[in-house]
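# got a predicted structure plus its sequence, pasted below:
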Amino acid sequence: MYQTIKLKTDNRNEMIDITGQIKKLVTESGVKDGICVVCSAHTTAGITINENADPTVCSDLTCFLEKLVPADTEYFEHDEGNSDSHSKVSLIGPSVSLIVDDGQPLLGTWQGIYFAEFDGPRDRKVWVKIISG
Ligand code: ZN
């Protein structure tokens, strides 16, 4: 069994902090010691962990990725107009795994869990699996 978080994104490129929602699911699961896997259900949106204290870290990351993989790159052949989005997700990754300790996902002081949108705005889903042991 797994849980689903539903999100609505507002921009083509966007980082949404889902740390609170993940912590809530871990608490509700009752798992004190285990693993929490957080997966994007999409090919143009991923999951990452980064600093959640200064919001410019996320805007710098999306800005950097936009410069690294511009949307209008001429050699893309995929005809949906979102090859940059697919490429960015492969760079970011589709999921993260977290250690659950003392009933909470183990995160460093400045770490937060982010849903990384690269082809919004869209309705999105994040799958969460929490395993004891
Ligand atoms: Zn596509």
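That came through fine.
# contacting residues around Phe115?
7, 9, 15-16, 18, 40, 45-47, 124, 126 (Cβ atoms under 8 Å, 6 or more residues apart in numbering). Every residue, glycine included, has its C-beta placed from N, CA and C.
# which one of the residues you listed is nearest Asp54?
Using Cβ to Cβ, Met15 is the member of the contacts of Phe115 that lies nearest Asp54, at 12.3 Å.
# got the contacts of Phe115 as TSV, with secondary structure, pLDDT and neighbour count columns?
Converted to TSV, these look like this (DSSP: H, G, I helix; E, B strand; the rest coil; pLDDT from 0 to 100; neighbours: other Cβ atoms under 10 Å):
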residue	secondary structure	pLDDT	neighbour count
Leu7	strand	98	18
Thr9	coil	98	20
Met15	strand	96	22
Ile16	strand	97	21
Ile18	coil	98	19
Ser40	strand	98	24
Ala45	strand	98	26
Gly46	strand	98	23
Ile47	strand	98	23
Arg124	strand	98	20
Val126	strand	98	24
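# quick one: Leu98 from the ion, how far?
29 Å (Cβ to the ion, to the nearest Å).
# the residue in the chain that the ion sits nearest to sits in which helix or strand?
Nearest residue of the chain to the ion (Cβ to the ion) works out as Glu80 at 3.6 Å. Using DSSP states H and E, Glu80 sits within no helix or strand.
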